[in-house]
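> What shape does this take:
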Amino acid sequence: MKYKKFLWGDGLELLSEALLKEKYIVWGQFFEVTIAGDRVWMRPEARIERRQNTSSINTEKQRADAVIVMLNPGSCKPILAAQLGEWTEAKPDKTQFQLMRLMERMSWDEMKIVNLSDVCEGNRMKFLALLKRSEIGGIVHSRFANNSVSEWSKIISSADRLLYGWGDKPEPKKMANAYGLLDFDNMLTSYGKKPIAVWHPVKGYPKHPNPWIPERCEAWLEDMVSVLNNQEAVYQ
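You can find the predicted model right below:
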């Protein structure tokens with residue numbers, strides 16, 4: 001099969017989604033909850049793995065190359081019907097394709113994705129409405145809400161690097177503060193990792209991997225690769 005090549009401003013090839021789907025697979029754990037009468041998908045965790053000629057998730061692998069903290073799973077859904085809570089293949093979205101490009105550049109085999117909220121909803125206004133209805137109904141929309149210390153410790157210790165990428169909106173900043181993720185000294189002391197991100201130089205938020213504008217997608221990838229390479233050079 002021939003793939004169309006896309007070039008960014010510096011001449012580097014932007015790997016197409018078709019090619020990325022051949023190289024990587026996305027797995028997710030999904031649950032369903034009822035929020036104000038509506039059935040809503042929840043996804044506590046996802047994993048992007050390099051395909052290894054297998055049709056099942058590699059649960060034997062002890063550590064991932066990185067874990068990234070995002071706002072929520074967006075519109076991510078399972079491809080096929082599966083038992084709730086079981087790992088199942090998920091349809092990649094634009095953000096996950098961007099993370100695959102990062103994995104390709106860094107020669108990573110596995111990346112974990114966790115979220116400040118587990119609610120699967122790609123429309124921001126609908127997502128915020130679901131959060132509000134969850135609060136009113138006493139529905140926990142994140143596995144980190146009740147016991148953030150032990151839950152974060154478990155997920156962060158399962159990866160070599162901790163990345164942030166939830167973007168510029170006020171809601172994720174509020175949740176990240178509540179979960180202690182913006183106390184960098186405590187993160188290093190408690191979990192042994194300093195968060196890695198492409199930080200906005202003025203507003204200080206961790207930039208989202210997929211800001212929709214192609215040039216900014218290119219910039220995020222190049223900046224993240226640079227940050228990662230510089231950090232790893234320090235420890236060599």
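
> C-alpha only now, for contacts and for neighbours.
OK.

> so what does the longest helix along the chain touch, helix or strand wise?
Using DSSP state H, we find that the single longest helix of the chain is helix 214-234. The contact analysis (3 or more C-alpha pairs under 8 Å, 6 or more residues apart in numbering; DSSP states H and E) places helix 214-234 against helix 94-106.

> and the nearest residue to E86 once chain neighbours are set aside, how many neighbours does it have?
Leaving aside its sequence neighbours, E86 sits nearest to Q29 (C-alpha to C-alpha, 6 or more residues apart in numbering; 5.7 Å). Neighbours of Q29 under the rule other C-alpha atoms under 10 Å: 21.

> Kindly confirm my reading that Q29 is in a strand.
Yes - counting by DSSP: H, G, I helix; E, B strand; the rest coil, Q29 is part of a strand.

> Can you name the residues that contact it?
Residues near Q29 by C-alpha atoms under 8 Å, 6 or more residues apart in numbering: R43, P44, E45, A46, L84, G85, E86, W87, T88.

> Please repeat the previous calculation with a cut-off of 6 Å.
Neighbour list for Q29: R43, E45, G85, E86, W87 [criterion: C-alpha atoms under 6 Å, 6 or more residues apart in numbering].

> how much space between M175 and D185?
Counting by C-alpha to C-alpha, to the nearest Å, the gap from M175 to D185 is 18 Å.

> How confident was the prediction at R47?
R47 carries a pLDDT value of 95.

> Please report the distance of the closest residue to K194 other than its chain neighbours from R63.
Of all residues not flanking K194 in the chain, L188 sits nearest, at 5.2 Å (C-alpha to C-alpha, 6+ apart). Distance of L188 to R63, given as C-alpha to C-alpha: 19 Å.

> ok, now Y24?
Look at Y24 and R63: by C-alpha to C-alpha, they are 17 Å apart.
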